[in-house]
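# model the following, please.
(one chain, ligands or ions: 1)
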Amino acid sequence: MKVEIVNHNLILERLSTLRNAETSNKAFRQNLHDLSTFLIYEAMRNVALDKQIVETPLTSTDGWALTSSPILVPIVRAGLGMLDGALNLLPNSDVCFLGARRDEETFHPEIYMNTLPDDVDGADVIVLDPMLATGGSLLHALRVIAASGAGTITAVSVLASPEGVSAIESSGVDGQLFVGFVDDGLNDSAFIVPGLGDAGDRQFGKIN
Ligand code: PRP
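You can find the predicted model right below:
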């Protein structure tokens with residue numbers, strides 16, 4: 001999979017708010033929403049378009065419509081915080097949910113929900129997860145999505161470790177990963193350092 005680090009000062013600014021341990025859950029969700037919009041906007045730069053004639057108040061001219069709307073797949077829980085931003089940009093997209101919870105001893109993802117159909121019949125898919133640590137959760141999602149007969153697969157993450165980026169890059173899955181920033185590495189608990197903590201807890205609390 002190809003990897004693109006999206007370089008933008010607004011990404012650096014919003015990410016700094018996410019990193020700050022003093023940021024409230026409400027502000028965390030708002031800043032994650034903004035970051036998702038920036039990253040998905042960039043990820044859709046070369047999306048396929050169909051030409052359509054549009055009537056302006058003065059004349060006819062070329063207009064453009066999306067050839068199709070990609071299916072959005074947030075990885076629950078943390079990916080839910082990217083969904084609203086994605087739907088604002090792609091309002092006609094269908095949404096499927098993949099639930100993954102990392103086992104904090106083995107660091108392997110435990111999959112507890114998958115609403116993707118067995119066959120998506122060549123539809124393009126965008127998978128959303130703000131954190132790419134070991135890469136295990138996203139890798140699992142990418143394999144499920146590829147096996148469902150997806151067309152173009154795009155992954156969008158806010159913050160990654162170098163280990164996570166390498167895992168996705170060498171996964172053999174066709175597609176492209178867009179990342180906001182790559183941090184220094186993982187600690188002994190496989191948390192991204194310096195990181196931003198647990199993006200699920202910081203949006204929705206620690207009760208789960
Ligand atoms: C976090 C994060 C990713 C995953 C990243 O989710 O949101 O899904 O871990 O780690 P990985 O790259 O090593 O797989 P978590 O398992 O904490 O669940 P949550 O989203 O419900 O908080």
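
# run a quick neighbour tally on the residue of the chain found nearest the ligand.
The nearest approach of the chain to the ligand comes at G200, 2.1 Å away (CB to the nearest ligand atom). C-betas here are computed from N, CA, C, even on glycine. Applying other CB atoms under 10 Å, we find 21 other residues in the vicinity of G200.

# give the contact list for it.
The contact partners of G200, by CB atoms under 8 Å, 6 or more residues apart in numbering, come to R77, A78, N208.

# at 6 Å instead, please
By CB atoms under 6 Å, 6 or more residues apart in numbering, G200 lies in contact with R77, A78.

# state the helix or strand in which it lies.
Using DSSP states H and E, G200 falls within helix 199-204.

# for that helix, list the C-alpha coordinates in CSV.
Only the C-alpha atoms of helix 199-204 are listed here, as CSV (Å, rounded to 0.1, in the frame of the first residue of the first chain):
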residue,chain,number,x,y,z
ALA,A,199,-8.3,8.2,21.0
GLY,A,200,-11.3,6.1,22.0
ASP,A,201,-11.2,7.0,25.6
ARG,A,202,-10.5,10.7,24.8
GLN,A,203,-13.7,10.9,22.8
PHE,A,204,-16.0,8.6,24.7
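
# give the buried residues for it.
For helix 199-204, the neighbour count (16 or more other CB atoms under 10 Å) marks A199, G200, R202, Q203, F204 as buried.

# of all these, which comes closest to A21?
When these are compared for distance to A21 (CB to CB), R202 wins out at 9.2 Å.

# so that closest one touches F28, yeah?
Yes - with contact defined as CB atoms under 6 Å, R202 reaches F28; the gap is 4.7 Å.
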